[in-house]
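Q: Provided below are the primary sequence and the corresponding predicted coordinates.
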Amino acid sequence: MSETNPMPNGAGTACGSCSLNRAANLKRLGVTMDDWDYVVALAGNPNVGKSTVFNSLTGLRQHTGNWPGKTVSRAEGGFEFAGKRFKLVDLPGTYSLLSTSLDEEIARDFILFGRPDVTLVLVDATRLERNLNLVLQVLEITDRAVVCVNMVDEARRHGMTVDDRQLARDLGVPVIPAAARFGRGIPEVLQAISDVATGKFECRPHRLHNEPPAIRRSLNELVTRIQDMYPDLPNARWVAMRLLAGDDHVHAALRNGDLGSAGMHGATGGRTESGRAV
Ligand SMILES: Nc1nc2c(ncn2[C@@H]2O[C@H](COP(=O)(O)OP(=O)(O)OP(=O)(O)O)[C@@H](O)[C@H]2O)c(=O)[nH]1
Ligand SMILES: [Mg+2]
């Protein structure tokens, strides 16, 4: 089993050679997190470098390696940046959030009910088209996201470049190119997370409205009713689509009130209560 340890000096210290040294504001907190200001979910397809980023930011040593499915449930850790404490949750790799497998359910439920202040979606620069499917699904559920285009070193080796600025305009959220294995782009990821969490950057996520015309009327009616029940819900359209698809899980959450809490995250954040259950 190969394990990448980007943190040879252990938690709390930046490694000597990587660009994290520039993120002088970063303090790795390992698992010692009693309270936090913001919760950040780390999502992405399998094998895109999520745990590598998680380890860089927290100083922990989640298994990383060159095969998919290493992170089997969620792992939590923390870091401090610009005077704020962030709890980071490393989610299992998934290709979608349709809840057809346990991994997808863990990832989806955390984004839906865990109320992350920011969802950091990692994508593989060499497989952008396939990876963007998950990004669009995440942007249906939450309006606070940062996209990190990882493995730009690999992409470059194959003669590919990614127009991150155009992608950011198209998606309506910050897009940061990175090579996490080498610590590149991590300071910029930190800044983007902080900007979205504090409300300094306001996301305007791109949402597809490509539902079949035959269901549009029912869909709009449902959306109106859901919004009446939960005025702060950031994803009424997605919820309505899931209801029409017969998603029992979402149906139950709507009935028992679990969904209501998903809209409670405010731009100011500042929560310090611990142990928010998900
Ligand atoms: N070339 C290159 N390899 C990277 C980069 N980031 C991560 N890797 C490698 O990609 C492999 C997968 O990384 P992980 O961090 O385990 O990926 P993951 O997304 O957590 O994987 P799952 O938990 O299985 O979903 C490891 O061998 C990493 O060293 C990068 O920027 N460039
Ligand atoms: Mg992992």
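A: Yep, that arrived. Predicted, not measured: the structure shown is a model, and the values here were computed from it. Residues are numbered from 1 along each chain as shown. Ligands and ions are numbered 1, 2, ... in the order given.

Q: how many other residues sit next to Arg61?
A: Residues within reach of Arg61, counting by other CB atoms under 10 Å, total 18. Any C-beta I mention is one placed from the backbone N, CA and C, and that applies to glycine too.

Q: helix, strand, or coil at it?
A: Three-state call for Arg61 (DSSP: H, G, I helix; E, B strand; the rest coil): coil.

Q: what's it sitting at in phi/psi?
A: Arg61 adopts backbone torsions of phi -130, psi 60, taken as degrees, to the nearest 10.

Q: does ligand 1 sit close to the strand or helix carrying Leu190?
A: Per DSSP states H and E, Leu190 falls inside helix 186-198. No - Helix 186-198 lies out of reach of ligand 1 by CB under 6 Å from any ligand atom, never closer than 10.0 Å.

Q: ok, now stretch 124-134?
A: No - using CB under 6 Å from any ligand atom, stretch 124-134 stays clear of ligand 1, coming no nearer than 8.4 Å.

Q: what's the helix holding Leu190 packed up against?
A: Using 3 or more CB pairs under 8 Å, 6 or more residues apart in numbering; DSSP states H and E, the elements in contact with helix 186-198 are strand 38-44, helix 50-58, strand 75-81, strand 84-90, strand 118-124, strand 145-150, strand 175-177.

Q: report the angle between that helix and strand 38-44.
A: Orientation check (axes from the mean of the first three to the mean of the last three CA atoms, to 10 degrees): helix 186-198 against strand 38-44 gives 120 degrees.

Q: please save the CA atoms from helix 186-198 in PDB.
A: Only the C-alpha atoms of helix 186-198 are listed here, as PDB (Å, rounded to 0.1, in the frame of the first residue of the first chain):
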ATOM      1  CA  ILE A 186      -3.300  24.900  -1.900                       C
ATOM      2  CA  PRO A 187      -2.800  28.500  -0.600                       C
ATOM      3  CA  GLU A 188      -5.200  29.700  -3.300                       C
ATOM      4  CA  VAL A 189      -7.700  26.900  -2.400                       C
ATOM      5  CA  LEU A 190      -7.600  28.100   1.200                       C
ATOM      6  CA  GLN A 191      -8.200  31.700   0.200                       C
ATOM      7  CA  ALA A 192     -11.200  30.700  -2.000                       C
ATOM      8  CA  ILE A 193     -12.700  28.600   0.800                       C
ATOM      9  CA  SER A 194     -12.300  31.500   3.200                       C
ATOM     10  CA  ASP A 195     -13.800  34.000   0.800                       C
ATOM     11  CA  VAL A 196     -16.900  31.800   0.100                       C
ATOM     12  CA  ALA A 197     -17.300  30.900   3.800                       C
ATOM     13  CA  THR A 198     -17.200  34.500   5.000                       C
END
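
Q: thank you, goodbye.
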